[in-house]
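Undergrad: Fold the following and give me the result.
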Amino acid sequence: MAEVVPINTERTNAQATRLAAADSSTRLKAALAIGSDPDPAMLDALVAHCAIEPDFYVRDMLTWALTRLPADLTVPRLLAELDSANPQARSQALHTLSKIGDTRAWPAITRPLLRDSDDEVARAAWRAAVALVPEGQEQDLAVELAAQLGRGERQVQRSLSRALVALGETVEPILQAAMASDDPVVAAHATATHRLLQDPDAAFEPAVNEAKRIFALGPEA
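TA: Down below sits the predicted model:
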């Protein structure tokens, strides 16, 4: 019979208290300590704090701490967060799933998440989808992502472009079709993304500006 390891309630309570501290540096150190000495008893506390943590660096450390726990425990718990009414809970769960890289999460990356009205959730869903997409389904994902070309501000558009470029040459004909769109915003975004596909080191902003110029001047340009 396997030995049952008792839960150190005093320790977990102390760690949970530090995670809830008012000072962000204390929360950061707490997340680092938890990740350095992984304890499955902290799973719920880590996930709960991901949903409310205001500091980017602390959230990133919380994600790292979650990746240190067994995927058999973390993946189901994170999948449950995808149904949360809290956008940050959804986005952080998606972000963490992309870092864990467990393909069992792929079926949960649904169209509603990829098209979530909250930009941060959608961006996290795009990254997770690219990280988890099974071989042979890249083109279907590219079509779904390309349907959102022209969405949002520059930061959102940049994230979508990076996701599409990460899918490789399969997006080439899809971008070519979008570049012929009658919508100048969609056409410019598709053209900028196509340029990044050809030259991943190119800067996004100049690519968008050049795409707009070309669209304004017409095909002869």
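
Undergrad: Now do the same for the most centrally placed residue in the chain: its pLDDT.
TA: Averaging the C-alpha coordinates of the chain gives a centre point, and the residue nearest to it by CA atoms, centre = their mean is A124 (2.3 Å). Confidence at A124, expressed as pLDDT, is 98.

Undergrad: so it touches K99, yeah?
TA: No - using CB atoms under 8 Å, A124 and K99 do not qualify as a contacting pair, with a distance of 10.7 Å. In this view, the C-beta of every residue, glycine as well, is placed from N, C-alpha and C.

Undergrad: Give me the helices and strands touching the host helix or strand of R195, please.
TA: Secondary-structure assignment from DSSP states H and E places R195 in helix 184-198. Packed against helix 184-198, as judged by 3 or more CB pairs under 8 Å, 6 or more residues apart in numbering; DSSP states H and E, are the following elements: helix 154-166, helix 172-179, helix 204-217.

Undergrad: how far out from the middle of the chain is that helix?
TA: In terms of CA atoms, centre = their mean, to the nearest Å, the centre of helix 184-198 is found 21 Å from the chain centre.

Undergrad: and that helix, C-alpha only, in CSV?
TA: This file holds the C-alpha atoms of helix 184-198, laid out as CSV (Å, rounded to 0.1, in the frame of the first residue of the first chain):
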residue,chain,number,x,y,z
PRO,A,184,-9.6,48.1,-45.9
VAL,A,185,-8.9,47.2,-42.3
VAL,A,186,-9.1,43.5,-43.0
ALA,A,187,-7.0,43.8,-46.1
ALA,A,188,-4.4,45.9,-44.4
HIS,A,189,-4.2,43.5,-41.5
ALA,A,190,-4.0,40.5,-43.8
THR,A,191,-1.3,42.1,-45.9
ALA,A,192,0.8,43.0,-42.8
THR,A,193,0.4,39.4,-41.5
HIS,A,194,1.5,38.1,-44.9
ARG,A,195,4.6,40.3,-44.7
LEU,A,196,5.4,38.9,-41.3
LEU,A,197,4.9,35.4,-42.6
GLN,A,198,7.6,36.1,-45.2
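
Undergrad: tell me the angle it makes with helix 154-166.
TA: Orientation note: helix 184-198 sits at an angle of 50 degrees relative to helix 154-166 (axes from the mean of the first three to the mean of the last three CA atoms, to 10 degrees).

Undergrad: angle of helix 184-198 against helix 172-179?
TA: Note on geometry: by the same axes, to 10 degrees, helix 184-198 and helix 172-179 are set 150 degrees apart in direction.

Undergrad: quick one: the residue nearest to S161 when sequence neighbours are not counted and L97, what's the gap?
TA: For S161, ignoring the flanking residues on the chain, the nearest one in space by CB to CB, 6 or more residues apart in numbering is T193 at 4.2 Å. Between T193 and L97 the computed distance is 24 Å (CB to CB, to the nearest Å).

Undergrad: rewinding a little: which one of the helices and strands packed on helix 184-198 has the poorest average confidence?
TA: Looking over those, mean pLDDT reaches its minimum on helix 204-217, with a mean of 59.
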